[in-house]
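*Asks:* need a structure here:
(one chain, ligands or ions: 1)
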Amino acid sequence: MKNKRQKKTSSSPIWGGRFDGSPSEIMEHINASIDFDKRMYAQDITASKAHAAMLVKQEIISAEDGTQIREGLDQILNEIEDGSFEFKISLEDIHMNIESRLKEIVGDAAGRLHTARSRNDQVATDFKLWVREELDHLDSALKLLQETFINQAENHASTILPGFTHLQSAQPVTLGHHLLSYVEMIGRDRGRIKDCRRRLNENPLGSGALAGTSFPIDRDVTTTALGFDQPTTNSLDAVSDRDFALEYLSLASILSVHLSRLAEEIVVWASAPFSFINLPDSFSTGSSMLPQKRNPDAAELIRAKTGRVIGNLASLLIIMKGLPLAYSKDMQEDKEPVFETADTLALTVKAMTGMFGEITYNIDKMLAAAKNANSNAIDLADWLVKVLGKPFREAHSISGKMVKLAEKQNRSLDELSLADMQSIEPSITNDVFNILNIDIALNARNSFGATAPKNVTKACAKARLKYLK
Ligand code: ARG
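*Replies:* Reported below is the predicted structural model:
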């Protein structure tokens, strides 16, 4: 680093007035955010154009200056997008890089753009615009994921697999029902996105450094231009809270936990002892040593990347927790966790959607597992209640004894003879075998929200209307 050290002759062109010396190279490095906040260039330019137009409208700057600023900013946008813009670390952040280039292009007019504005309301505005766009992208990606689940659920409305509690077979369920449970989870994730977007959508611009401004600005003008619902109400709050970013990271964390649980199910279902699913070649890898292996790497990585997302939430919570009002430079550290989370989710949601689009199911294996598990013991108990009028606790105990007997004989419950059953409960009749049939039992589970195939078909149609229109 020492060798590269440059001699500085002047301090910052933006705030140098008060300074005689220049920052050391180390100071420049710790202070600079341009390496990451350049991702907000489009938002910064949009917000600056809205601010300049408002200044013209309010006759705070001349129309001529306004035109020069607008045209200069458009040129900068082009330069950034065609790769010819030179980002300078000495200019600290995206705001000063753009303003400094504007000065090169339009001269004095550039210096008027920052009238009645501070980087504090500027950065809060840019960042909100960035997060808002990200929320919209995420929502569309999640809609596609829901569509993938709903399509599969329709095809598998009556496919049977064991439902688990404690990862022990509990009761048979339909695969469609299982997949639709994730449609509901993602639906709530999308609800959180909507909530976050609504609360975020207030315009900080015009709050100045912390106390507002004495210029006759009109905040409604920039509010409308930038698609906000209203201006923020309190300037101190507007420049110094990042709860919109925290809300984004919170909803991202909850979403990631949902994806991670599903990823875990894929890992389990794809393992040889289960063999419920086949992973597509396109979303699995082989082993360099063991030829038979097909590894669920995509699912494992979706599961693992949840750690980053939750870590990013923890990171920003910790950054914010000790800050007095209003802005502190600590808050510059708000962006990387958000950007990394957005990149992570863009990848994990896409990977999950791609993988699920191509997974195939081993229907016979799932059915066999559901049958092996004596998960109809509850149907037997319910039958004893409904037909023989037993109290449920007693019925539970009788059914348990029959499971024990079946296990002793190395059979499943429905393979016990009537005589064996009657040795435990004399009043039992042949009718009981009807309800021990897995299809009949499944069809009977038709209470609202339950797993019966008919319910699943209806629920798919409802989910389509609710989430995909
Ligand atoms: N790069 C800064 C950030 O991201 C911009 C705001 C700087 N404001 C200031 N008063 N130093 O937070």
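
*Asks:* If I look at residue 8, what pLDDT would I see?
*Replies:* At residue 8, the pLDDT value in this model is 47.

*Asks:* quick one, strands of the stretch 351-469 of the chain?
*Replies:* Taking DSSP state E, counting those that start in this stretch, the strands of the stretch 351-469 of the chain run over residues 360-361.

*Asks:* Show me which residues of the stretch 1-150 of the chain sit near the ligand.
*Replies:* By C-beta under 6 Å from any ligand atom, the residues of the stretch 1-150 of the chain that approach the ligand are 33, 37, 93, 119, 120, 123. From N, CA and C alone the C-beta is placed, and that goes for glycine too.

*Asks:* Show me where the protein has its strands.
*Replies:* For the chain, the strands defined by DSSP state E cover 160-165, 168-174, 202-203, 230-231, 277-278, 360-361.

*Asks:* In its sheet, which strands sit next to the fifth one, and in what direction?
*Replies:* In its sheet, strand 277-278 lies beside strand 360-361 (antiparallel), with partners assigned from DSSP bridges.

*Asks:* For the partner strand, what is the distance to the chain centroid?
*Replies:* 26 Å (C-alpha atoms, centre = their mean, to the nearest Å).

*Asks:* Would you mind pulling the contact partners of it?
*Replies:* 156, 159, 175, 276, 277, 278, 280 (C-beta atoms under 8 Å, 6 or more residues apart in numbering).

*Asks:* out of these, who's nearest residue 218?
*Replies:* residue 280 (56.0 Å; C-beta to C-beta).

*Asks:* Please give me every residue in contact with the spatially closest residue to the closest one that is not a sequence neighbour.
*Replies:* Sequence neighbours aside, residue 358 is the residue nearest to residue 280 in space, at 3.5 Å (criterion: C-beta to C-beta, 6 or more residues apart in numbering). Residue 358 is in contact with 280, 282, 283, counting by C-beta under 8 Å, 6+ apart.

*Asks:* Next one: residue 358 from the ligand, what distance?
*Replies:* Taking C-beta to the nearest ligand atom, to the nearest Å as the measure, residue 358 and the ligand are separated by 42 Å.

*Asks:* cool, and residue 270?
*Replies:* Separation of residue 270 from the ligand (C-beta to the nearest ligand atom) stands at 44 Å.

*Asks:* where's the dip in pLDDT among the contacts of residue 358?
*Replies:* residue 283 (81).

*Asks:* Enumerate every residue touching residue 252.
*Replies:* Residues near residue 252 by C-beta under 8 Å, 6+ apart: 138, 309, 312, 313, 341, 345.

*Asks:* now the contacts of residue 358: which count as buried?
*Replies:* Buried members of the contacts of residue 358, scored by 16 or more other C-beta atoms under 10 Å, are 280, 283.

*Asks:* Isn't residue 268 up against residue 277?
*Replies:* No: Residue 268 is beyond contact range of residue 277, at 9.6 Å (criterion: C-beta atoms under 8 Å).

*Asks:* Which pLDDT value goes with residue 376?
*Replies:* 85.

*Asks:* ok, how many other residues are close to it?
*Replies:* 26 (other C-beta atoms under 10 Å).

*Asks:* just use 750 as the starting number from now, easier for me
*Replies:* I'll keep to 750 as the first residue from here, and by that count the last item is residue 1125.

*Asks:* so what's it up against?
*Replies:* By C-beta under 8 Å, 6+ apart, the neighbours of residue 1125 are 921, 1162, 1163, 1184, 1185, 1187, 1190.

*Asks:* any chance of those residues in a markdown table, with neighbour count too?
*Replies:* As requested, the contacts of residue 1125 are exported to a markdown table (neighbours: other C-beta atoms under 10 Å):
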| residue | neighbour count |
| --- | --- |
| 921 | 24 |
| 1162 | 22 |
| 1163 | 17 |
| 1184 | 18 |
| 1185 | 19 |
| 1187 | 17 |
| 1190 | 22 |
